[in-house]
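A.B. asks: Quick one, what's the 3D model for this:
(chains A and B)
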Amino acid sequence: MKSNQNKSAVNAGPNEFLLGVTTFFPLVFAATPIGLLFGALAAQKGMSPLEVLLMGSFVFAGGSQFLALDLWADPLPWLTIAFSTFLINLRHVLMSASLAPKLGHWTTLQRYLGFFILADEVWALSEQRAMKQHTTFSFYLGVGLTLFITWQVATVAGSLIGAVMGDPSRYGLDFAFTALFICLVMGFWQGRKTGVVLAASGLAAVLTHKFVPGAWYIIAGAIVGVIAAAIQYDDNPNGLKNSAEALQS
Amino acid sequence: MTSEIFAVDPLVLFTILVMAAGTYLTRIAGLVLTKFVTFSGRTEAALQAVPPAILMSVVAPTAFATGIAETAATAITAVAALRFPMLAAMTIGVVSVVVLRMALAVI
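C.D. replies: Below is the predicted model:
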């Protein structure tokens, strides 16, 4: 992958794990109210706390869990729910393909078990880490398990205490993950080409969100952004051409 | 009460498992894909654009098509992210969205 990446990262010790936990820690305060809200809404839809825990543990994807709740009805439209959540989760294909080459020395088992908890925030923080060095399994687990435990505790608590806490938008907490992603976007800035990718993605996402119902906007914006990057790819960047000529002479 | 807490409807469990299977499939698809396909040149450049493109797509409707408060808070967060650590920039973003929403509600 990128030449500036340090390939010497190993899955060393508790320090990497602790770093993952502390990297995620501030987000506990953003994830908790959202989990409480999910639990409260799920209880209103008639889900038991154990069912909430099972969904959180097996699916572990906040966006698709909220979407499922939105579609929840009696009788349960399980096929519609399964298909809609699959669509909203299609972005994970691009996420895992992007992150896979940036992992440190992960065993095959670690890859296939670890990616079970590849939620958006876990992926985003792992990508951010990968800008400095390969993401180790310990770091990934530190981030992922912290979110996993937070999410299960918060959603089950929410389903037990119900609608006590009220609407998180009152405290601006609905904006917390937007703010996180904006911060992370700024970190991926690599010049004008990134700007074109962001403009293309943003425009495509807004337009799709406006005119197409459902969760298509994320995958549409992602694909348009990726196409924008492919179009901008310079087969013979000046730097490379010069060094190639220098080698030949 | 205890029975209500631990109640699991078979159809609910089935739905959860189907959702879980679909989600897991999307999460490991990239692992399988990158095992058989090596990316280079243009496709590698395309793949490198995935993180910013997805993050942008997730936030775009909230950031640019919800309201003036959200769009202004997005701009403030972006500028803050250039100057401050992530947690501080996030806090600035959340506080500014609350203040802007209140201010706009008054007007």
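A.B. asks: how about the helices in chain B?
C.D. replies: Using DSSP state H, the helices assigned to chain B run over residues B:2-5, B:10-36, B:41-48, B:50-65, B:68-83, B:86-106.
A.B. asks: mind listing what A:Phe25 touches?
C.D. replies: A:Thr146 (Cβ atoms under 8 Å, 6 or more residues apart in numbering or on different chains). Placement of C-beta: from N, CA and C, glycine included.
A.B. asks: so what's the residue nearest the centre of chain A up against?
C.D. replies: Residue closest to the average C-alpha location in chain A (Cα atoms, centre = their mean): A:Asp120, at 1.2 Å. By Cβ under 8 Å, 6+ apart, A:Asp120 lies in contact with A:61-63, A:95, B:58.
A.B. asks: Rounded mean pLDDT for the longest helix anywhere in chain A, please.
C.D. replies: Across chain A, the helix with the greatest residue count (assigned by DSSP H) is helix A:137-161. Here helix A:137-161 scores 96 as its mean pLDDT.
A.B. asks: buried residues in it?
C.D. replies: A:137-148, A:150-159 (16 or more other Cβ atoms under 10 Å in any protein chain shown).
A.B. asks: Run through the neighbouring helices and strands of that helix.
C.D. replies: Where contact means 3 or more Cβ pairs under 8 Å, 6 or more residues apart in numbering or on different chains; DSSP states H and E, helix A:137-161 is packed against helix A:13-24, helix A:28-44, helix A:49-58, helix A:108-114, helix A:120-130.
A.B. asks: so of the ones you listed, which one's packed in deepest?
C.D. replies: Burial of the helices and strands packed on helix A:137-161 is given as mean neighbour count (mean count of other Cβ atoms under 10 Å in any protein chain shown); helix A:120-130 ranks first at a mean of 23.
A.B. asks: Just want the angle from that helix to helix A:13-24.
C.D. replies: Following axes from the mean of the first three to the mean of the last three Cα atoms, to 10 degrees, one obtains 120 degrees for the angle between helix A:120-130 and helix A:13-24.
A.B. asks: Could you list the low-pLDDT ranges of chain A?
C.D. replies: Applying pLDDT under 70 to chain A flags the ranges A:1-14, A:163-168, A:236-249.
A.B. asks: Run through the residues that contact A:Leu27.
C.D. replies: So A:Leu27 contacts A:121, A:147, A:176, A:180 (Cβ under 8 Å, 6+ apart).
A.B. asks: All set, thanks.
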